[in-house]
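> quick one: sequence and predicted model below, then my questions.
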Amino acid sequence: MMDSDGTLSLVLFSGTDDRLSAGAILAAGAAAMGRPVNVFLQYWAVDAFRKDRVTADHGAAPEAGVAGAKLIRESTQGPRHWSEILRQAKELGDVKVHACALSMELFGITKDDLDPLVDDIEGVASFMGDASAGPITFI
Amino acid sequence: MMDSDGTLSLVLFSGTDDRLSAGAILAAGAAAMGRPVNVFLQYWAVDAFRKDRVTADHGAAPEAGVAGAKLIRESTQGPRHWSEILRQAKELGDVKVHACALSMELFGITKDDLDPLVDDIEGVASFMGDASAGPITFI
Amino acid sequence: MMDSDGTLSLVLFSGTDDRLSAGAILAAGAAAMGRPVNVFLQYWAVDAFRKDRVTADHGAAPEAGVAGAKLIRESTQGPRHWSEILRQAKELGDVKVHACALSMELFGITKDDLDPLVDDIEGVASFMGDASAGPITFI
């Protein structure tokens, strides 16, 4: 039996601005619907949430090409940046952002290196525990 | 409580032929099982559904390499193209294809620019509303 | 109505070591929680599970860059390789690994070409049947 409460368990793996934007938009949409959102940052997404490079250019998917990457860059300025969309989602609803402990170790960084958008560091077991028997969306 | 009716809510983000094929195959498989399928096109997938370039070569994931990309190209000819698989899925079952309003704006295109496979344009809020408290698969 | 038993239906599509690691870690986490895990290998993941190249260098996502790819390579040595994590997950819980029949055909390979981690070959219809009305995570 599915005992989920409708939580959107969202693994952000990719570190490119287009996928991070897609993730932030889904999180904001779910929060607006009143769904709890549980974000788990892994690998390149952890790297993108370093406080000194959140708004740096993280590129786009290879299929974007030069023109597409430029489009993404221009479309993620200021209030439309994925970090801002996620910030608004956190103000709007029940949105938590966790960084994967293993990935933190991989990059040799600590909580202090991350943007305050990140609530805490947790292991995959905790994330899976929060997800309970519910669905997981991987981006 | 999960009040989903088993709908497969499928976000197609990537615009490469291999991922689009994987998405079309999952949609067709779900439709054949009698599951409603709700496809939401974002970013590069919207671009791939432009009516004048649906069957163009959209490449493959970088790990495909030159040989792999050639394999994908050859395996998506004619009736085996992802657009044909999706067309059959729509004839077979309850499959809807929506293009993300934000992504349409990003590319500066309108409904007329898209293949008739696309039913309509909608915002992320509508998509999340349709997904209700159910799962979301992101490709 | 959702009649899932909490099974994590996991499509592994990507063939890079970082995404395969993320998939193996999620599978192991779910198995540790007592969730059944049903892995379906498609496209480049099938290629990565060939018995003569499981532990070869499969690279990383493009955003990794040279330094990131090196980091992934170093972090997936020996017992920390994704194939080992998956092996442990299979010993620990109810984890099945199926290779997609269509992808096998695409590469012109048979079950004998794959690592023993793969239980069998199946079509997308079987995978969707096992997933029932439940969620699907795509990596």
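Alright, I've got the coordinates.

> leaving out chain neighbours, which residue sits closest to A:L86?
A:A24 (4.5 Å; C-beta to C-beta, 6 or more residues apart in numbering or on different chains). Every residue, glycine included, has its C-beta placed from N, CA and C.

> my read: that neighbour touches A:A89, true?
Yes. Contact criterion C-beta atoms under 8 Å: A:A24 and A:A89 qualify, at 6.9 Å.

> follow-up on the earlier one: what about the residue nearest to A:L86, neighbour count?
27 (other C-beta atoms under 10 Å in any protein chain shown).

> report all helices and strands that whichever strand or helix holds it contacts.
Here A:A24 sits within helix A:17-32, counting by DSSP states H and E. With contacts taken as 3 or more C-beta pairs under 8 Å, 6 or more residues apart in numbering or on different chains; DSSP states H and E, helix A:17-32 sits against strand A:8-12, strand A:37-41, helix A:43-48, helix A:65-75, helix A:82-92, helix B:124-131, strand B:136-138.

> mind redoing it with 6 Å?
When contacts are defined as 3 or more C-beta pairs under 6 Å, 6 or more residues apart in numbering or on different chains; DSSP states H and E, helix A:17-32 packs onto strand A:37-41, helix A:82-92, helix B:124-131.

> for A:D120, give me its contacts.
The contact partners of A:D120, taken as C-beta atoms under 6 Å, 6 or more residues apart in numbering or on different chains, are A:H98.

> roughly how far apart are it and chain C?
A:D120 is 17 Å from chain C, where distance means C-beta to the nearest C-beta, to the nearest Å.

> could you do A:D47 as well?
8 Å.

> number of nearby residues for the nearest residue to that residue once chain neighbours are set aside?
Spatial nearest neighbour of A:D47, excluding adjacent residues (C-beta to C-beta, 6+ apart): A:G15 at 5.4 Å. Look at A:G15: counted by other C-beta under 10 Å, it has 23 neighbours.

> distance of A:G15 from chain B?
Separation of A:G15 from chain B (C-beta to the nearest C-beta): 15 Å.

> wait, what's in contact with that residue?
A:44-45, A:47-48, A:58, C:63.

> can you select the buried ones from these in PyMOL?
In PyMOL syntax, the buried subset of those is picked out as below (16 or more other C-beta atoms under 10 Å in any protein chain shown):
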select buried, (chain A and resi 44+45+47+48+58) or (chain C and resi 63)
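
> which among the contacts of A:G15 gets closest to chain B?
C:E63 (10.5 Å; C-beta to the nearest C-beta).

> ok, that closest one touching A:W44?
Yes. Using C-beta atoms under 6 Å, C:E63 is in contact with A:W44, at 5.1 Å.

> what's the neighbour count on the closest residue to A:G78 other than its chain neighbours?
Excluding its sequence neighbours, the residue lying closest to A:G78 (C-beta to C-beta, 6+ apart) is A:E84, at 7.2 Å. A:E84: 17 surrounding residues under other C-beta under 10 Å.

> again with A:S132
15.

> now do the buried residues in stretch A:44-64.
For stretch A:44-64, by 16+ other C-beta under 10 Å, it's A:44-49, A:54, A:58-64.

> list the buried residues of stretch A:104-111.
A:104, A:106-107, A:109.

> got the residues of chain A near chain B?
Counting by C-beta under 6 Å from any C-beta of the partner chain, the residues of chain A lying close to chain B are A:2, A:4, A:6, A:18, A:22, A:25, A:29-30, A:33, A:62-63, A:75, A:135, A:137, A:139.

> and which of those is nearest A:V95?
Using C-beta to C-beta, A:A30 comes nearest to A:V95 of the residues of chain A next to chain B, at 8.3 Å.

> low-confidence ranges in chain A?
A:1-4 (pLDDT under 70).

> in stretch A:108-126, what's buried?
A:109, A:113-115, A:117-118, A:121-122, A:124, A:126.

> do stretch A:78-91 as well
Across stretch A:78-91, burial judged by 16+ other C-beta under 10 Å covers A:81-90.

> cool, stretch A:21-41 as well?
Buried-residue list, stretch A:21-41, by 16+ other C-beta under 10 Å: A:21-33, A:35-41.

> what about stretch A:128-139 and chain C, any contact?
Yes. Judged by C-beta under 6 Å from any C-beta, stretch A:128-139 and chain C are in contact via A:128, A:133, A:135-136, A:138.

> those: which two are farthest apart?
Longest span within the residues of stretch A:128-139 next to chain C, C-beta to C-beta: A:A133 and A:F138, 16.9 Å.

> what is the burial count for A:A99?
Look at A:A99: counted by other C-beta under 10 Å, it has 27 neighbours.

> need phi/psi at it.
Main-chain torsions, A:A99, degrees, to the nearest 10: phi -100, psi 140.

> skip the chain neighbours and tell me the closest residue to it.
That would be A:L41: by C-beta to C-beta, 6+ apart, it lies 4.7 Å from A:A99.

> contacts only, for the residue nearest to A:L86.
By C-beta under 6 Å, 6+ apart, the contact set of A:A24 is A:82, A:85-86.

> one more pass at 8 Å, please.
Applying C-beta atoms under 8 Å, 6 or more residues apart in numbering or on different chains to A:A24 gives the contacts A:82-83, A:85-86, A:89.

> what about it, distance to A:V95?
10 Å (C-beta to C-beta, to the nearest Å).
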